[in-house]
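Colleague: Okay, structure incoming, though there's no sequence with it:
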């Protein structure tokens, strides 16, 4: 790599890290191109040699958030060798998701609240990164309901994720009275167990 | 009522309606005090004789959205006289919620995305309005699990609402590939039936 390319990469990394700190502090509203330029010591215009636009910058920060979330969920996922362990694994992943969201509130929110500028779509690499997260759910789900078609299981995985996400999002919302941590964990665990029970018990 | 007070009330109503149109068009980003003042024919400063601040204006628009949502859910709720009808009622309310969110996307989003200015809290009247929505869930839930303590049912109602909300929110998100309407309805119905099944079937 030439020295120029290496310097550019290093500066790009600094830009993404500065954007991450800004979002972690104040959310998307805290992201000001002018302040970032100042922080990494370049001109405002030079930022757009490092990323195409602010949307890409937000997605690159999201990519780092997703990588940390992925590591957190991997660490929390127990090995599942028997069907009976699948529910416990799904509960563990859901609770770890909630803890991550709480500990990284602004960065996690941005994963969902950021919308592309009109006319732009999320690039494939970012969609692919989001999709790999589902393996933490689809793995245990495959043990829990092995007879279902893959298509059904994928839909079910998406539904379960969205449902847990909804409980976490509303629970961590500042607007209504914040739900105490223990109660929120109880809600999440209750929901996952309820769904697993509905999926496996015979009439 | 004096003529002055009546005129003020009428202008306040016009302001809220103008804000509603602005949010319905472009979300919170479309809400500009200067443009609203121009539209209702008053000075920028005069707006703050009509509402305390932009937070109050957004909450007043939210109040109108909630009233329409409440009417929609009431119309969709079948009468529940037997325990067996409770699941159907919960499914109907969840699907009506999804349809409302789809048909009022920007106004609905603002109910959840708007955050008060730092140091401010949501006034009691707005919290109370949000809370009354839960009766559409708690009614059928009381028929479905009459033996549970009220406190448990309230928590369960909150969990169910949040779970359905999560599926709707992720399903209507522009970011990932939009979920087709029929598939989203299937997800929502599946989730509610799964939860009801988990709640009522004995081991």
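Modeller: That came through, no problem. Note that this is a predicted model, so its numbers are computed, not measured. Numbering: from 1, shown residues only, chains lettered A, B, ... in the order given.
Colleague: Show me the helices in chain A, by range?
Modeller: For chain A, the helices defined by DSSP state H cover A:3-26, A:33-40, A:47-50, A:54-76, A:84-103, A:105-113, A:124-132, A:135-144, A:150-172, A:181-200.
Colleague: Of those helices, which is nearest chain B?
Modeller: helix A:150-172 (1.9 Å; C-beta to the nearest C-beta). No exception for glycine: its C-beta is placed from N, CA and C like everyone else's.
Colleague: Surely residue A:22 is in contact with residue A:29?
Modeller: No. Look at residue A:22 against residue A:29 with C-beta atoms under 8 Å: they stay out of range, at 9.5 Å.
Colleague: Who has more neighbours out of those two?
Modeller: Using other C-beta atoms under 10 Å in any protein chain shown, the more surrounded residue of residue A:22 and residue A:29 is residue A:22, with 21 against 11.
Colleague: residues in contact with the spatially most central residue of chain A?
Modeller: For chain A, the residue nearest the mean C-alpha position is residue A:66 (4.8 Å; C-alpha atoms, centre = their mean). Contacts for residue A:66 were tallied using C-beta atoms under 8 Å, 6 or more residues apart in numbering or on different chains; they are A:111, A:129-130, A:133.
Colleague: Mind putting these into CSV with distance to residue B:169 and pLDDT?
Modeller: Below are those laid out as CSV (distance: C-beta to C-beta, whole Å; pLDDT from 0 to 100):
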residue, distance to residue B:169, pLDDT
A:111, 13, 90
A:129, 20, 87
A:130, 15, 85
A:133, 17, 90
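Colleague: Which of those has the largest number of neighbours?
Modeller: Ranked by neighbours (other C-beta under 10 Å), the contacts of residue A:66 are led by residue A:111, which has 20 neighbours.
Colleague: measure that residue to residue A:19 for me?
Modeller: Distance, residue A:111 to residue A:19, by C-beta to C-beta, to the nearest Å: 14 Å.
Colleague: now residue A:117
Modeller: 16 Å.
Colleague: Among these two, which residue is more densely surrounded?
Modeller: The residue with more neighbours, out of residue A:117 and residue A:19, is residue A:19; 26 against 8, by other C-beta under 10 Å.
Colleague: got a pLDDT number for that one?
Modeller: For residue A:19, the pLDDT comes out at 97.
Colleague: Now do the contacts for it.
Modeller: Counting by C-beta under 8 Å, 6+ apart, residue A:19 has contacts A:31, A:36, A:57-58, A:60-61.
Colleague: do residue A:191 as well
Modeller: So residue A:191 contacts A:94, A:163-164, A:167, B:159, B:163, B:195 (C-beta under 8 Å, 6+ apart).
Colleague: Show me which of the contacts of residue A:66 is closest to residue B:139.
Modeller: residue A:111 (34.8 Å; C-beta to C-beta).
Colleague: I'd assumed residue A:65 was in contact with that closest one.
Modeller: Yes. Contact criterion C-beta under 8 Å: residue A:111 and residue A:65 qualify, at 6.0 Å.
Colleague: Tell me how many other residues crowd the nearest residue to residue A:12 once chain neighbours are set aside.
Modeller: Spatial nearest neighbour of residue A:12, chain neighbours left out: residue A:50 (4.4 Å); criterion: C-beta to C-beta, 6 or more residues apart in numbering or on different chains. A count of nearby residues for residue A:50, using other C-beta under 10 Å, gives 21.
Colleague: now residue A:99
Modeller: Residue A:99: 15 surrounding residues under other C-beta under 10 Å.
Colleague: how about the residue nearest to it when sequence neighbours are not counted, what does it touch?
Modeller: Nearest non-adjacent residue to residue A:99, counting by C-beta to C-beta, 6+ apart: residue A:72, 7.6 Å away. Shown in contact with residue A:72 (C-beta under 8 Å, 6+ apart): A:96, A:99-100.
Colleague: Go again with 10 Å.
Modeller: A:93, A:96-97, A:99-100, A:103-104, A:136 (C-beta atoms under 10 Å, 6 or more residues apart in numbering or on different chains).
Colleague: Same list (the residues you listed) but as TSV, adding pLDDT.
Modeller: TSV is the format used below for the contacts of residue A:72 (pLDDT from 0 to 100):
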residue	pLDDT
A:93	97
A:96	97
A:97	97
A:99	95
A:100	97
A:103	95
A:104	96
A:136	95
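Colleague: of these, buried ones?
Modeller: A:93, A:96-97, A:100, A:104, A:136 (16 or more other C-beta atoms under 10 Å in any protein chain shown).
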